[in-house]
Every structure is written in C-alpha cells, then in structure tokens.
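Novice: give me the fold of what follows.
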Amino acid sequence: MTSHAAVPFRRGLMSISAAAVAWGVGGAVAAVLMRASGLGPVAVCFWRFAVAAGCLALLPAGRRRGGSGPLGAAVLTGIGLAVSQCAYFGSVRYAGLGLGTLITIGAGPVLTSLGARLLLGERLTGRALCATGLALGGLALLVAAPAAGPRPALGVALAVLAGAGHSGLTLWARGGGSARATAGAFTAGLLCLLPLAVAGGVLPAAGAPVPTAVALLFLGTVPTLLAYRWYFAGLAVVPGATASVLVLLEPAAAALIATALLGEPLTPGLLLGSALLLAAIAALSRGSA
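Specialist: Here you go, the predicted model:
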C-alpha cells in the first residue's frame, strides 16, 4: 500500500528522471550541433541560456513560478550552471558523447552521497548503498568503451569538473539553498559566458541556419528551462543521494543515442552497464513504496 506521503516522493522521482533523460537527449543534440555548425561548447551554452532567459522574460510575471528569487542565489546558481554545462559540452566535444556524459554523471553518486552525508547529515540506507554500488558498477563497464573524441584526457578532466559543479548545485538545493531555474539565474549565467562566447565566436561558422536555430531553441527550452525546473522541484522531496543515482538515466540515454545516431561503438559492456543502471533505479523506486 502506498501512503499519502509517498505520492510527492514518487512525483519527485519522476521529475528528476524526466530531467535526466532530457539532459541525455540534449547532450546528443549539442554534439551534432557542434559538429555541423562550428560552434564551440561555450557558444552553445551561451545560446542555450539566452533562449531559456528569453522564454522566461516573455512569460507574464505571475506564471514564472518563483520569479527571479534573491539576487545572490540567482548569481550563484547561474555561475554553477554555466560552469557545469560548459564543462559538460566540452567533455562531449573532446571525449565523445558517451564517455563525456558517463564520467560527468558518474562522479555524481560518489560526490553527492559523500556530501549529503558529511554536510547535510542524510543517512545512507542499505538500499541506497546497494543502488549506488550497482550504478557505479554499471558506469565502470560503460566507461570501458572506446573514446570517440579527439582529446580524451581533456574531455575526462572537463567531465570531472562538470560532475563536481552539478553535485555542488544538488547539495546546495538539498541543504535549503535557493537554487532555482529562474530568469535571474539564466541571465547571470548568460552574462558570465558572454565575454568567453564573444572571444571564441558566438555565431555559427557552418551549417544551415534553420536546423541550427531549431537545435538551439530545443536546447534552451527542453534540457535547460524545463529540465532544470523538473530537477530542482524533485530535489525538494528526494534525498540528494537518491537523486544522484536517478540522474544516471542521462548517460544511459546518451550512450544509446551515441550508438544509434552518432556511430559510437556498441559493446557488451555498454549493454550490461545500462542494465545495472536500470537495476539501481528499480531498487530506489521499490524503496519509495
């Protein structure tokens, strides 16, 4: 029997899972976009934030779900999102979609679980530890796949930086911080990225304008504006350690897309690793009943 208190928890699980899948698809779209348009990771992230901030600015004030929030919180959130997302897109460019995504999110369960235990006092249950172990085992198998990018070492370093930034935002939100996907946060991130984007080239150097614009519009809405709102809403009721494992849906989705659409190799380790990730998520879901 499911208690009334379990309903918001399960909604939180669904929100975080939806955000993770959206991020996995977004990583694939960004990888194709960078190949076709000549845009770099910073420029793609800049346009992503610009679209998200613009969409929120067009909404009536009463429908923005929280407004801009405190200025300091918006600035910190924007900086955190800018660092983690630019580093992630860089890892995708230099290490390949599969490996870049896997290492970025693979750092999540370890860093977030340790941080939640040390900083927030969250208790690690036996089920959570088992799920984390399954997830890390799956990631170990997935990371063993050959790298598809031109500079794997740089891509790995950027992926670790992206994972650390994401874990920091997760712990801040779970600890009562005002981390929200607001117009102020996206605008702060946009302003942080502006000098770097201009220096590196903010306009596409190749590719058809319409597909490029459609890809940027998608990146700014679904895996940015919507996905971060889903994620922060889910964190209000889901422990940080649990959220970090649910986010492992992102590399599973990215690995499948990388194989099907980008020609990255499909190996038995990838299939078994994905199965272990799904087993970890199933263990967490049963624990919420």
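Novice: could I get the pLDDT score of Leu266?
Specialist: For Leu266, the pLDDT comes out at 66.
Novice: counting contacts, what elements does the helix or strand where Ser113 lies pack onto?
Specialist: Here Ser113, judged by DSSP states H and E, is contained in helix 97-119. Packing partners of helix 97-119 (3 or more Cβ pairs under 8 Å, 6 or more residues apart in numbering; DSSP states H and E): helix 6-37, helix 71-95, helix 126-143, helix 152-174, helix 240-246, helix 249-261. (Each C-beta comes from the backbone N, C-alpha and C, glycine too.)
Novice: turn these into JSON lines, including distance to Thr187, mean neighbour count and mean pLDDT.
Specialist: Formatted as JSON lines, the helices and strands packed on helix 97-119 follow (distance: least, Cβ to Cβ, whole Å; neighbours: other Cβ atoms under 10 Å; pLDDT from 0 to 100):
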{"stretch": "helix 6-37", "distance to Thr187": "20", "mean neighbour count": "21", "mean pLDDT": "86"}
{"stretch": "helix 71-95", "distance to Thr187": "7", "mean neighbour count": "23", "mean pLDDT": "87"}
{"stretch": "helix 126-143", "distance to Thr187": "34", "mean neighbour count": "20", "mean pLDDT": "74"}
{"stretch": "helix 152-174", "distance to Thr187": "17", "mean neighbour count": "21", "mean pLDDT": "82"}
{"stretch": "helix 240-246", "distance to Thr187": "26", "mean neighbour count": "28", "mean pLDDT": "70"}
{"stretch": "helix 249-261", "distance to Thr187": "25", "mean neighbour count": "23", "mean pLDDT": "73"}
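Novice: go ahead and confirm Leu81 touches Ala185.
Specialist: Yes. In this structure Leu81 lies within contact range of Ala185 using Cβ atoms under 8 Å: 6.6 Å.
Novice: so how far is the helix holding Ser113 off the chain centroid?
Specialist: Distance of helix 97-119 from the chain centroid (Cα atoms, centre = their mean, to the nearest Å) equals 11 Å.
Novice: confidence score at Met1?
Specialist: 38.
Novice: scratch that, Gly287 is what I was asking about
Specialist: 52.
Novice: hmm, who's touching stretch 197-209?
Specialist: The contact list for stretch 197-209, computed with Cβ atoms under 8 Å, 6 or more residues apart in numbering, reads Ala36, Ser37, Gly38, Leu39, Gly40, Val42, Ala43, Cys45, Phe46, Trp47, Thr212.
Novice: what do you get if the cut-off is 7 Å, keeping everything else the same?
Specialist: Stretch 197-209 is contacted from outside by Ala36, Ser37, Gly38, Leu39, Gly40, Val42, Ala43, Phe46, Thr212, using Cβ atoms under 7 Å, 6 or more residues apart in numbering.
Novice: buried ones in that stretch, by neighbour count?
Specialist: By 16 or more other Cβ atoms under 10 Å, the buried positions in stretch 197-209 come out as Ala197, Val202, Pro204, Gly207.
Novice: closest to Ser274 out of these?
Specialist: Proximity of those to Ser274 (Cβ to Cβ) peaks at Gly207, which lies at 31.1 Å.
Novice: that closest one and Leu193, how far apart?
Specialist: 21 Å (Cβ to Cβ, to the nearest Å).
Novice: again, but for Phe89
Specialist: According to Cβ to Cβ, Phe89 stands 11 Å off from Leu193.
Novice: and if you look at Leu216?
Specialist: Counting by Cβ to Cβ, the gap from Leu216 to Leu193 is 14 Å.
Novice: ok, these two, which is more surrounded?
Specialist: Between Leu216 and Leu193, counting by other Cβ atoms under 10 Å, Leu193 is the more crowded of the two (27 against 23).
Novice: what comes up buried for the helix or strand harbouring that one?
Specialist: Per DSSP H and E, Leu193 falls inside helix 183-200. Neighbour-count burial for helix 183-200 flags Ala183, Gly184, Ala185, Phe186, Thr187, Ala188, Gly189, Leu190, Cys192, Leu193, Leu196, Ala197 (criterion: 16+ other Cβ under 10 Å).
Novice: surely the fourth one meets Ala52?
Specialist: What it means is Phe186. Yes. Here Phe186 reaches Ala52: they are 4.5 Å apart, a contact under Cβ atoms under 7 Å.
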